[in-house]
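>>> output the structure for:
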Amino acid sequence: MGASLPKQMNVEPAARPLRIAFVYSRLPFPMMRGDQLTVSHLLSFLAARGHTVDFHTLATGGKVEPAQREWLDKACRTVRFYDQPKIAMLLGMVRALFTGIPFQVGLFHNAKLAADLEAGIGAGDYDIAYCYYLRTSPAIPDPTRSSAKGWRSFLAMQLSQTLNARRIFENETNLAKRIFYFFEAKRLARYEARIWRKFSRTVLIGPADVAAIREECRRQGMPEIDNWVYGAHGTDTERFQPATREEMVPNRVVFSGSMLYQPNIQAALWFVQRCWPAIRAAVPDAEFIIQGRDPVPEIQRLAGKDGIVVTGTVPDVGAMIRSATVCVNPMLAAGGMQNKLIEYMACGKATVATAVANEGIRAPADTLISADEPEAISEAIIALLRDPDAAHALGQRARAYASRDWTWEKHFLDLEQAFYDSLEDRGQ
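Modelled structure (predicted):
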């Protein structure tokens, strides 16, 4: 199987091309994480619109195949990978310990990246400096101290990391992890309440993330964030298509996502412990597929028990999603938006999700079933397994919604408009 590449965007060239410095904290391939998917597809969009992009990223968290590097070189004017040795990451963690910044910010500090950006921005090379995720925010120069004029900076915070870390802490049972997330949430709260003021715009997924940061601003005695724009992301509705009858497996329930990501781990374990026994009792041949890369030992130990299958990395996540009768997203933690939920809906699947899972997407009530209590989740899944026609009808409404409102192009065009608005100093 060849190296996976982002889709070609269905857009016309922009009337006003921009010069953009794009900053990221890890390699954008192999597109196994939600942020890798988003970054690689945003690069594809910017290239299709004719914008000039210099891509600066740390050489962490991925692997770029030759075909993918060739694609990057075509999509961007320059591509710069910055080594992040383990000793540098360790020193960054130590620095974070003594300065009070979030550990993730210390971990990804790179002086060379920051120096190159300051030089390029100072030389007037860019209209927009776009930083994806909080962790590389120190690399963007403070506009008030920059000699260059007229450029604007965007911090794609996406989700409130404070909200995310706090929820992980509240649902974590491992003592060491609870301690870590307790202190990291406090550090993130102090940081998020302040860092937004350094940027022209802060990009957030939805109202819950805005509300969480506003609350932290009040707690910290800081002005409330007022420069946010919504910047959700979409999915490839051409790749994630409804299933044929031959692809579907009766009584199959699927949960998809990286099984190295703590909120996904918590969700899978909670669902197996609190919901799955009732489902299996009502539908004895029900099968639960946990699909996702790098499953941790706690997840691996579930394999083979009570109809549970743990797949690990698969070549095509869409194939397993299409095979499901019902897809489930029982998130207890996390913030922002859930790529898996949009992928389920694009595939026309009947979906049962918690309110947290639907927080960033805000899908209408007629396109999925929202439930938070174990009994309600179990009952909803049992009813859908027993009534395939109802499951099919729900899935059709979900597909129509995803196709209309959640393409990559729609949300990236909104972000691009925010770029233009910021350069004209209008819109918040």
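>>> going by neighbour count, which residues of stretch 66-73 are buried?
For stretch 66-73, burial by neighbour count (16 or more other CB atoms under 10 Å) applies to Gln68, Trp71, Leu72. Where C-beta positions appear, they are placed from N, C-alpha and C, glycine not excepted.
>>> do the same with stretch 94-114
Across stretch 94-114, burial judged by 16+ other CB under 10 Å covers 96, 101-110, 113-114.
>>> what's the answer for stretch 313-327, then?
Neighbour count says stretch 313-327 has Val317, Gly318, Met320, Ile321, Arg322, Ser323, Ala324, Thr325, Val326, Cys327 buried, by 16+ other CB under 10 Å.
>>> and what of stretch 250-264?
In stretch 250-264, counting by 16+ other CB under 10 Å, buried: 251-259, 261-264.
>>> go on, stretch 204-221?
Across stretch 204-221, burial judged by 16+ other CB under 10 Å covers Leu204, Ile205, Gly206, Ala208, Asp209, Val210, Ala212, Ile213, Arg214, Glu215, Glu216, Cys217.
>>> okay, and the fifth one sits in which element?
What that stands for is Asp209. Secondary structure assigned from DSSP states H and E places Asp209 in helix 207-219.
>>> now that helix: average pLDDT?
For helix 207-219, mean pLDDT rounds to 94.
>>> ok, so of the buried residues of stretch 313-327, who is nearest Ala383?
Val326 (9.6 Å; CB to CB).
>>> dump the residue contacts of that closest one.
By CB atoms under 8 Å, 6 or more residues apart in numbering, the residues touching Val326 are Arg252, Val253, Val254, Lys349, Ala350, Thr351, Val352, Ile381, Leu384, Leu385, Ala391.
>>> ok, now with 10 Å
251-254, 279, 286, 344, 349-352, 369, 380-385, 388, 391, 394-395 (CB atoms under 10 Å, 6 or more residues apart in numbering).
>>> what separates it from Ala282, distance-wise?
Using CB to CB, to the nearest Å, Val326 is found at 13 Å from Ala282.
>>> okay, and which of the buried residues of stretch 313-327 map to strands?
Among the buried residues of stretch 313-327, DSSP state E puts Val326, Cys327 in strands.
>>> which of the buried residues of stretch 313-327 fall in helices?
Those of the buried residues of stretch 313-327 mapping onto helices are Val317, Gly318, Met320, Ile321, Arg322, Ser323, per DSSP state H.
>>> what's the angle between the helix or strand of the chain with the lowest mean pLDDT and helix 207-219?
One helix or strand of the chain scores below all others by mean pLDDT, DSSP states H and E: helix 161-171, with a mean of 90. Calculated by axes from the mean of the first three to the mean of the last three CA atoms, to 10 degrees, helix 161-171 forms an angle of 100 degrees with helix 207-219.
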